[in-house]
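**Student:** 3D, please:
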Amino acid sequence: MQLFGSKTRSSRYADWVTALVVGLVCSLQTATADIFHLRTGGQLTGYVVKRVDNGDYLVKSDNGAVVTLSRRQIAKVVSQDDTDLLYQARSRATPDTVGGHRELADWCKANRRTKLAKQHLQRVIELDPQDEHARRSLGYQQHRGQWLNRTELMASRGMHKYDGDYRTPQDIALRERTKLREKTETDWFLSLRTWVGWLNKRRSAEAVDNITRITDPRAAPAIVKLLDREDDPRVRNLLIQTLAALNSPMSVTTLVDFSINDPDREVRLQCLDFLMRYHQPINLEPYVQALNDRKYSNDIINRAAVALGEIGNPDAMSPLIDALITTHTFRNVNAAPGNINPTFGSAPGGGGGGLSMGGESNKLINRNLQNLSVRQALVELSRGQDFGFDEKTWRAWFVNKQIPDDVDTRRDR
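**Tutor:** Okay, here's the model as predicted:
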């Protein structure tokens, strides 16, 4: 068998057939060959003779027969160009040999028919399993004396194809769990949204029963998402109670957030009550961070102080002392542009004065505010001590309480 050098007899025959097809194509420039993929799994190649008004095709097949294909029979129609017709002619004339398929693979590559080229190279391997050129062209590599494609090579390393990439079994298992969790959360959201929609209708009792019976912690994200968009106090109360009953990490995080940031005082206290019913230590960090809030209002600081007083953990005393009086910035609409004015009186929440800084686009005033709820929380945590808003006295008392009673601090001993 001659693989290289002068053309083989089969190659010359393929060229002759190709030339013949080129002539036919040129004489039938108005005709377009199409491939009709049928829903049954087969396919028909031919020319569209006519498109009937109802959408059916009148097709002249390669063998000259004229058939009618209904729209229901056809899965898709793929148009062929001249290169496709040339390929059909060459493939029919190519012998089933290593040389024949190699030449046709090269022709396919030159004419940008990569998928077809791979098919012919794969046939080369079937005819000659040790053909190195075909193996490497298809991405095979030598591994311990064997030719392995990429999938087989990665499998030998413990990697498998998943979501378009090669991954370890552990990674695949994690992704599978994530997909299952996301699907479950989506299912819960769809169910909860439906039940919430029933609450003001005839199926209200059924909806309440369905919601209150939820015990799956994976429903928590759906409940939180619905809470973010719900305004009806009764519905919010029902969802918060259901969320609290789940006692999941998301439930705790959401209850803490609501106990500080919800505008409704009753909701804040209810969420705090749910947290305390868990009979577990409550993380003070979110409340301590809220004590550092320095936005226009000091509402968040006082809300956090109320919660810390209810929680009753003495570890909150030091940050509470720091938050007795806080400085906040307000917009001063009365300041003249470009002026710096001293101000007197009090802002909402109590406190002293400050300086206003005027400007054409920004008029601001800083004020020191006394936080009454912070003071009340300190009185509760100190079991009755009250030094008002005197931070230095509170700090001295607190430091003194940290010294054990059996330590004598006198320097002359």
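
**Student:** any idea which strand is longest in the chain?
**Tutor:** With DSSP state E applied, the strand covering the greatest number of residues in the chain is identified as strand 43-51.

**Student:** What strands flank that one, and is each parallel or antiparallel?
**Tutor:** strand 33-38 (antiparallel), strand 57-61 (antiparallel) (DSSP bridges).

**Student:** Just the residues contacting the first one, thanks.
**Tutor:** Think strand 33-38. Defining contact as C-beta atoms under 8 Å, 6 or more residues apart in numbering, one finds that strand 33-38 is touched by 43-48, 57, 59, 69, 73-80, 84-85. Backbone N, C-alpha and C define where each C-beta goes, glycine included.

**Student:** List the buried residues in it.
**Tutor:** Buried positions in strand 33-38, judged by neighbour count with 16 or more other C-beta atoms under 10 Å: 33-34, 36.

**Student:** And for the shortest one?
**Tutor:** The neighbour-count check on strand 57-61 (16+ other C-beta under 10 Å) flags 57, 59-60 as buried.

**Student:** could I have the following helix or strand past it exported to PDB, CA atoms only?
**Tutor:** Per DSSP states H and E, the first helix or strand lying C-terminal to strand 57-61 is strand 66-69. Coordinates of each C-alpha in strand 66-69 appear next as PDB, following Å, rounded to 0.1, in the frame of the first residue of the first chain:
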ATOM      1  CA  VAL A  66     -39.700  12.800  -4.700                       C
ATOM      2  CA  VAL A  67     -41.100  12.600  -1.200                       C
ATOM      3  CA  THR A  68     -43.300  14.800   1.000                       C
ATOM      4  CA  LEU A  69     -42.100  15.400   4.600                       C
END
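
**Student:** residue ranges for the strands of the stretch 101-250 of the chain, please.
**Tutor:** Taking DSSP state E, counting those that start in this stretch as the test, the strands found in the stretch 101-250 of the chain are 141-143, 146-148, 160-162, 165-167.

**Student:** Just tell me which of those ends up closest to Gln119.
**Tutor:** Closest approach to Gln119 among those is made by strand 146-148 (18.0 Å; C-beta to C-beta).

**Student:** Return the list of helices and strands in contact with the closest one.
**Tutor:** On a contact count with 3 or more C-beta pairs under 8 Å, 6 or more residues apart in numbering; DSSP states H and E, strand 146-148 meets strand 141-143.

**Student:** returning to what we had before: extract the C-alpha set from the longest strand of the chain and format it as CSV.
**Tutor:** What follows is strand 43-51, C-alpha atoms only, in CSV (Å, rounded to 0.1, in the frame of the first residue of the first chain):
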residue,chain,number,x,y,z
GLN,A,43,-32.2,11.4,8.0
LEU,A,44,-32.8,12.2,4.3
THR,A,45,-30.5,14.2,2.0
GLY,A,46,-32.0,16.0,-1.0
TYR,A,47,-33.2,19.2,-2.6
VAL,A,48,-36.3,21.2,-1.7
VAL,A,49,-38.5,21.2,-4.8
LYS,A,50,-41.3,23.1,-3.2
ARG,A,51,-42.4,24.4,0.2
